[in-house]
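Q: build me a structure from this.
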Amino acid sequence: MAVSELTCIYYALILHDDEVTVNEDKINAFIKAAGVNVEPFWPGLFAKALSNVNIASLICNVGVGGPAPAAGGAAPAGGAAPASTAAPAVEKKKEEAKKEES
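A: Sure, this is the predicted structure:
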């Protein structure tokens, strides 16, 4: 990420932590006080993007996606693979990964 983006992210988080509404003027005030060079469109972009977002919910759900995929990937067209054949394949991949790391 660019310095401009990270700067705006950090200042938006600081404002949220202080329970202050995130807006362009407040982000610009932080940038000016810190003496950081930021491209002028970033503060407005972040302020608009966060205007209708629950930042606390956004923070708590970082990295949370949809449902986890089933182990072993998609089932073949003829039906699901027996559990006895899927488990050894996963274990074999783990062993190969460990060998490659060392």
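Q: distance check, residue 27 against residue 34.
A: 11 Å (Cβ to Cβ, to the nearest Å). For the C-beta atoms, the positions are set from N, CA and C on the backbone; glycine is no exception.
Q: the two: who's more crowded?
A: residue 27 (26 against 12; other Cβ atoms under 10 Å).
Q: that one touches residue 43, doesn't it?
A: Yes: between residue 27 and residue 43 there is a contact at 4.0 Å, judged by Cβ atoms under 8 Å.
Q: where does pLDDT dip in this structure?
A: 1, 65-102 (pLDDT under 70).
Q: show me where it has its helices.
A: Along the chain, counting by DSSP state H, helices occupy 3-17, 24-34, 41-50, 55-60, 83-101.
Q: now the second one against helix 41-50, angle please.
A: So that's helix 24-34. Helix 24-34 and helix 41-50 are oriented at 140 degrees to each other (axes from the mean of the first three to the mean of the last three Cα atoms, to 10 degrees).
Q: what's helix 24-34 in contact with?
A: 7, 8, 11, 12, 14, 15, 20, 38, 43, 44, 46, 47 (Cβ atoms under 8 Å, 6 or more residues apart in numbering).
Q: mind picking the two most distant members of those?
A: By the measure Cβ to Cβ, 20 and 38 form the most distant pair in the contacts of helix 24-34, at 18.8 Å.
Q: and those two? which has more neighbours close in?
A: In this view residue 20 and residue 38 are compared by other Cβ under 10 Å, and residue 38 has more residues nearby, 21 against 10.
Q: show me what contacts the closest residue to the more buried one other than its chain neighbours?
A: Distances taken as Cβ to Cβ, 6 or more residues apart in numbering put residue 4 closest to residue 38, at 4.4 Å, once the chain neighbours are dropped. Contacts for residue 4 were tallied using Cβ under 8 Å, 6+ apart; they are 37, 38, 39, 42.
Q: quick one, which of those are buried?
A: Among these, those scoring as buried are 38, 42 (criterion: 16 or more other Cβ atoms under 10 Å).
Q: Throw the contacts of residue 4 into TSV and include distance to residue 62, thanks.
A: Supplementary listing: the contacts of residue 4 in TSV, determined by distance: Cβ to Cβ, whole Å:
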residue	distance to residue 62
37	27
38	23
39	25
42	20
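Q: many thanks, I have nothing further to ask.
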